[in-house]
Every structure is written in C-alpha cells, then in structure tokens.
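Asks: what follows is a predicted protein model with its sequence.
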Amino acid sequence: MKPACSYAATYAASLANPAGFWAAQAHHLHWDKPSHEPLSQDENGFYRWFKGGELNTAYLCLDYHVANGRADQPALIYDSPVTNTQRTYTYAELLDHTARLAGGLRELGVALGDRVLIYMPNMPEAVMAMLACARLGAVHSVVFGGFAPHELAVRIDDAQPRAVICASGGMEFDRVIPYKPLVDEALAKARFKPAHVVVCQRDFVTADLQTGRDIDFQALLQAAPVPAVPVPATHPLYILYTSGTTGRPKGVVRDNGGHAVALHFSMRAIYALEPGEVMFSGSDIGWAVGSSYIVYGPLLRGCTTVLFEGKPVRTPDAGTFWRLIAQYNVNVMFTAPTAIRAIKKEDPDGLLAKKYDLSSLRYLFLAGERCDPDTYHWAGQLLGVPVVDHWWQTESGWPMLATLVGLECMPAARPGSAGHPVPGYDIQILDEAGQPVPAGTTGLVAVKLPLPPGCFPTLWHDDARFRESYLETFPGYYLSGDGGYRDADGYTYIMGRVDDVINVAGHRLSTGEIEEILAAHHAVAECAVLGIADALRGQVPVGIVVLKDGQTIGAEALEQELVGAVRNQIGALACFRQVLVAKRLPKTRSGKILRKTLRQLADGEDFPMPATIDDPLILDEIRAGLQRQGIGAAFETH
C-alpha cells in the first residue's frame, strides 16, 4: 500500500523543515539512543545528521527482523550461474553467520573505528563481511574485484585497513580469475601493511596462505557470536572509493545514522517495497548501487534481496535476468541501462523473456548512466511494467532524482528524464556564475545545502578536498559535476559529466588517470583520453597520443602496449581498446587541450569552432584519423 501522502506535499515539507522532516523518518527505525539534534554542523561547517544518536546498522538489518517475526523469511538469495550455485539464507541464518564472523574478526583485533577492506565478487560471504564490520563498528571498504593491484594498493594506503578480506578467486563466464595473487601484489606495492588477510576459499580455485598473516575465512565462522555494538549516528559505516579528476580516488564516507534513515525512506517512497517483498539489483557490491540496494536498503526494510554473480548475458544467455525474476518472484528490479542494451543486442526481439512468468514484477528501475529513450521503450514494452530512470551518485548514496512510485500524485515517468527531485534534495540548474537558468537551458546541476541524510558528510581524511571538489564552486551548494536541464513541466534531464570523469557501463573512471598511464610510455610525448559515446556501454575511453620525435614504434604495437598498460593498472573494466596516433593535439592559445571539442568531434556532434583554438586544421587531421580507424559512434564501424 502506498503512503497516504502526495509527492508535492512530502517534497515541500522536506525543504521547509529538513530537521523536522527527517526526524520523523528516523522514528521508523530502532535507536539505542535517539538523537535530540537531527541537523547540526561540525567544526568544519559541514552538515551532520542525528548527532548524539546511537544505533547499529547490522542490528537494524538482521537482529531487529529476527526479533520481530522474520527469522524464517529469506533475507538473501544467492544465485550464481557462473559457479552453478544457488543458496537461500533466512534472516536467522544470515544473523548467525554475521555474528560469528564478527566474533572472529574481533579475535583478530578488529574493533570500533578500524577499517577492513573487502575484495570479493558478489558472494554471500562478502555480504556477511560487510554486516560483520558494521556489527563491530568497524568501517568497511568494498573494492570491486576487477580492480588491478595498483588500484587496490592505492586504496589500502588510503584506508589503512587492519585486515583485508578476499575471495580466493572469481569467475567470469568460463574464465577463473585468481584474486589472491592480485592481493599479494597489491600488498607488496602498498606502503601500509594490514595485519591480516582473511581468505575465503572457493571450490574452483585454492589460494596459498602465508603463515602468520593469512587466515581461512571458515575458521573465523567458528567463533562465538557477538552482539551488535551501538555506535554514534555520525560514525562512519563504510568508505567507497570513486574516481577523481586527478587520478587519485576519493574515499566517499557514509555514516551510520543518516544512511539507515535515508535508505529505509527510499525503500518505501521510491521503490514502494513492503517488508517480505523481493528486490533484485543487477549490480556489484563494490559500487554504490550494490551497497545501497543489494545489501543495506532491502535488509533495513525487511525485504528479500537477490545477490547475483554473473552477467546479464552469456551466463548462460540473455534471459538470465528474466529467469531470476520468475524463479524468485521479484517485485522490483534495478539495473543499469548498459545491462538492458546488452540483453537487447543478443535478444532484440525479447524472445527469451517469453519463456518466463514475469507477473510478479511491478517496476524496472534504471540508473548508473543516462537511459536513452530507445532502451527505455524497449524494456517497457518487453516487460509490460513501468520503467523508471533515476539519477544519483556514489556521493549521494541514494537517488536524487526519481519517479517516487511509493507516493501518491507523483508525475509519471518521462523518457529521457530522470524525473523529479527526491525529498530532501533542493536541486538547481545553475550557470557558471551560480545563477539559476531558465527552463530548457542546460547548466550545471547543483544541490542546495544541506544535503539530506545518507549523503556523504566528507571524504575520508580529506576535508580540504571535499570542500574544494564539491562546495567551493557555488557557496551554499553541492556541485554534482553533471550537466543538465529542467523542462517547463519540472522534469529534469541529466546530460553527463562536465569534468573528465566518464561513465563506462555504470563504472566511473577518470580520463585523467588513464592519461597518466599513457603518458608514462617511453614513446608518448603527450596525450588526451576521451569518453566517447558507445551504444552498449554508454561511454568508452579512447586515447589520442602524440609521439616523441624519433620514435619508430608502429601504431599497432603501440596500441597493444598502451592497452595492456591500462588493463594492468586499472583493469579490463576500463574497456580501453583504441589509440589514435596524431601529429598534434588541438589546444587553446594558452595551451589547454580542447578535450570537449575532441569528444564532440568523435561523437559526430555539431560544435562551434572554439574561438581560442591555436590551429583549426588540427581538427581536420584528427577527424580523418578517427575515420580511418573507425573510432567513434559517428562512424559506426568499431
């Protein structure tokens, strides 16, 4: 049943009295100590939620439901076609495993405030590890299993974890990827050395354990269960790293109190899910969607969550998602437009969907990148349910724009638009001077402070970067880094990044970081990396390099070496596969590379000749080179 309140009234109340609105939402949760100061500012002037309150997120996700009649309800359904495994954990079973793992971690010395880095694929033990850390008041940081040792080492040095928990390996299609050698290499590279590495051995790959440092995951599960530790609402729950424009990742901090309140509200108001219903999010726990809507959101609400290890295609076919919906009676599905495009590419007529009973599904939610209208319509017609595109970021932790299907009188979804502002988000479209722009005019997407609960209060141990990156451009606003516009009916359209962070199949990557890797090659004098449009992944990076004088390396050999370097330092998820060797790069007279113009050129967009370009003929040379190599969506030959 939908709450007896309208979107307009709820949204207006959230802006008129943020403290009062969110204090009322907090009453839906169990607090060990209620907060008497819902909204405050710390010594840096940063906003904080529920100061003085105490709670435990793992208790809210597990113990509370076991104590209130859901002990035998499925909490977590694990489905892994890549390992041919299916397993269901009730709330009581998941609580028992989590409490024992927390006991084992405590015996290793993990305590309140310690960090634990988790390097695992989508597997139940990863969820247990997250919840066990939360149970102790330790701060977890999940790193996507596809990241290369260099990236893992950077995160280890930043978070300085007491322990690393990893799987012995992962599996993609029919290829086994041993994780332990990657972890060992990362630890060798890292300046900080964690005290312990906990290894969860998998049937298909066994990892060697280093005596004295490495511990078997199953041994920790033999420990006595420990109770949940109440922690301050402002205490960090986790650190999630996201790409920064410098190539140095940003450690987004999520607190316990605001996070729990926001996600619980979102499960009711945005996704319209009741306790006992089933949610399937086709994401990875290393990304914000996975943390919020595979693990914490559904469990906070008392729902059943489906944890899927595999891909939307080729595991075994493009009907895998539809099988999951039918087999587990999924009510709400959440995935990225990239996944739907991959399914459409392999099964354009949707024949595989016709094999399954999809009558349980009420909504398909899409996020992670802009959803093109073709994908929107194809999915809606295939599934026969409303498709809801919505927009949010790692920094926000939950949606900022959406069609809130759990509220009455909500304007219907509109293709191409991410919807309307979610309660708590005062979203404005501003020009470069920080002034609101008229309807239909593209500008910078910003959110007036304070941000609602659930959003990051700062970056891990980097308040100065937090202020510089997000708050200084427009005082009193959070700058999202995305451009967009609002139409005359109030619908907001997000058009993409305005900095050099690109979105590859929902994964945020820094073109600046890739440029650093290319520039390190002995033959490269300078380079530019562009995020160009890709029909399947949204964007893919392409490199344009200028060689040093006297270099004789062939273009094909150079491309292979540069692609290999990016794969080694970032991982295959970067989808970096194409390099164009150019004589020069287009620059302004002051020497700034015209990256936006290059991207527009590769995407086949019309653009005005930059007034400050030093030599317009360079663009013609690069256009010809792109055409020769079939690079860019405009040429449809790659």
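Replies: Sure, I can see it.
Asks: CA only for contacts and neighbour counts going forward, please
Replies: Will do.
Asks: tell me which stretches of the stretch 201-350 of the chain form helices.
Replies: 217-220, 256-269, 288-290, 297-301, 320-328, 337-346 (DSSP state H, counting those that start in this stretch).
Asks: who does the first one touch, helix- and strand-wise?
Replies: Read that as helix 217-220. With contacts defined as 3 or more C-alpha pairs under 8 Å, 6 or more residues apart in numbering; DSSP states H and E, helix 217-220 has these neighbours: helix 91-107, strand 196-200.
Asks: same list (these) but as a markdown table, adding mean pLDDT and mean neighbour count.
Replies: Formatted as a markdown table, the helices and strands packed on helix 217-220 follow (pLDDT from 0 to 100; neighbours: other C-alpha atoms under 10 Å):
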| stretch | mean pLDDT | mean neighbour count |
| --- | --- | --- |
| helix 91-107 | 98 | 23 |
| strand 196-200 | 98 | 23 |
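Asks: I'd like those as JSON lines, with distance to T473 appended.
Replies: Shown next, in JSON lines, are those (distance: least, C-alpha to C-alpha, whole Å):
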{"stretch": "helix 91-107", "distance to T473": "42"}
{"stretch": "strand 196-200", "distance to T473": "41"}
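Asks: I'd like to know which of those lies nearest to Q539.
Replies: strand 196-200 (34.2 Å; C-alpha to C-alpha).
Asks: list the helices and strands the closest one packs on?
Replies: Against strand 196-200 (3+ C-alpha pairs under 8 Å, 6+ apart) you get strand 163-167, strand 214-216, helix 217-220.
Asks: pick the most deeply packed of these.
Replies: strand 163-167 (a mean of 25; mean count of other C-alpha atoms under 10 Å).
Asks: and that one, average pLDDT?
Replies: Across strand 163-167, pLDDT averages out at 98.
Asks: and for stretch 306-316?
Replies: Stretch 306-316 comes out at a mean pLDDT of 94.
Asks: wait, a strand at V579?
Replies: Yes. Counting by DSSP: H, G, I helix; E, B strand; the rest coil, V579 is part of a strand.
Asks: dump the residue contacts of it.
Replies: V542, G543, I544, V545, E559, L562 (C-alpha atoms under 8 Å, 6 or more residues apart in numbering).
Asks: which of the residues you listed sits closest to A163?
Replies: Once C-alpha to C-alpha is applied, the member of these that ends up nearest A163 is L562, at 33.4 Å.
Asks: contacting residues for that closest one?
Replies: Here L562 is in contact with I517, L518, H521, V579 (C-alpha under 8 Å, 6+ apart).
Asks: please redo it, this time with the cut-off set to 7 Å
Replies: Listed by C-alpha atoms under 7 Å, 6 or more residues apart in numbering, the contact partners of L562 are L518.
Asks: what do you get for the one 4 residues further on?
Replies: Contacts were defined as C-alpha under 7 Å, 6+ apart; by that measure V566 touches I514, I517.
Asks: quick check: mean pLDDT of the host helix or strand of it?
Replies: Using DSSP states H and E, V566 maps to helix 555-569. Computed over helix 555-569, the mean pLDDT rounds to 93.
Asks: show me the shaky parts of this protein.
Replies: 1-4, 146, 244-247, 500, 588-592, 610-612, 614, 633-638 (pLDDT under 70).
Asks: domain parsing for it?
Replies: 7-310+390-471, 504-629 (automatic domain parsing).
Asks: for these, which one ends up most surrounded?
Replies: Buried most deeply of these, by mean count of other C-alpha under 10 Å, is domain 7-310+390-471, with a mean of 21.
Asks: before we move on, back to that, select, out of the helices of the stretch 201-350 of the chain, the one closest to L601.
Replies: Nearest to L601, of the helices of the stretch 201-350 of the chain and by C-alpha to C-alpha, is helix 337-346 at 23.2 Å.
Asks: next structured bit after the closest one?
Replies: strand 363-366.
Asks: as JSON lines, the contacts of V579 with distance to Q222 would be great.
Replies: What follows is these, written out as JSON lines (distance: C-alpha to C-alpha, whole Å):
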{"residue": "V542", "distance to Q222": "49"}
{"residue": "G543", "distance to Q222": "51"}
{"residue": "I544", "distance to Q222": "54"}
{"residue": "V545", "distance to Q222": "55"}
{"residue": "E559", "distance to Q222": "51"}
{"residue": "L562", "distance to Q222": "47"}
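Asks: which one of those sits closest to L117?
Replies: L562 (29.4 Å).
Asks: N44 in helix, strand or coil?
Replies: On the basis of three-state DSSP, N44 is classed as coil.
Asks: quick one: it and P475, what's the gap?
Replies: 14 Å (C-alpha to C-alpha, to the nearest Å).
Asks: now E516
Replies: E516 is 31 Å from P475, by C-alpha to C-alpha.
Asks: try L364
Replies: On the measure of C-alpha to C-alpha, L364 and P475 end up 37 Å apart.
Asks: more neighbours: which of these two?
Replies: L364 (23 against 13; other C-alpha atoms under 10 Å).
Asks: hang on, A132 packs against A102?
Replies: Yes. Applying C-alpha atoms under 7 Å, one finds A132 in contact with A102, separated by 4.5 Å.
Asks: all helices of the stretch 351-500 of the chain, in order?
Replies: According to DSSP H, counting those that start in this stretch, the helices that the stretch 351-500 of the chain contains are 373-383, 463-466.
Asks: mind putting those in JSON lines, distance to K355 included?
Replies: Listed next are the helices of the stretch 351-500 of the chain as JSON lines, based on distance: least, C-alpha to C-alpha, whole Å:
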{"stretch": "helix 373-383", "distance to K355": "12"}
{"stretch": "helix 463-466", "distance to K355": "49"}
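Asks: quick one, which of those helices is nearest to G302?
Replies: Across these, closest to G302 is helix 373-383 (C-alpha to C-alpha), at 25.9 Å.
Asks: circling back: would you format the helices of the stretch 201-350 of the chain as TSV with distance to F21 included?
Replies: Output for these, formatted as TSV (distance: least, C-alpha to C-alpha, whole Å):
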stretch	distance to F21
helix 217-220	42
helix 256-269	11
helix 288-290	25
helix 297-301	19
helix 320-328	35
helix 337-346	33
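Asks: indicate which one of the ones you listed is closest to W392.
Replies: Once the helices of the stretch 201-350 of the chain are compared by C-alpha to C-alpha, helix 288-290 is nearest, at 9.4 Å.
Asks: and the contacts of that closest one?
Replies: Contacts of helix 288-290 (C-alpha under 7 Å, 6+ apart): S283, D284, T394, G397.
Asks: try 8 Å
Replies: Under C-alpha under 8 Å, 6+ apart, the answer for helix 288-290 is L240, S281, S283, D284, Q393, T394, G397, W398.
Asks: show me the contacts for the first one.
Replies: Think L240. S141, V142, V143, G251, V252, V253, G286, W287, A288, T394.
Asks: considering those, which is situated nearest to V501?
Replies: Nearest member of these to V501, counting by C-alpha to C-alpha, is T394, at 12.8 Å.
Asks: measure the closest residue to the closest one other than its chain neighbours to T304 for me?
Replies: Leaving aside its chain neighbours, T394 sits nearest to A288 (5.3 Å; criterion: C-alpha to C-alpha, 6 or more residues apart in numbering). From A288 across to T304, the span is 19 Å (C-alpha to C-alpha).
Asks: M128 now?
Replies: 15 Å.
Asks: with Y493 instead?
Replies: Y493 is 32 Å from T304, by C-alpha to C-alpha.
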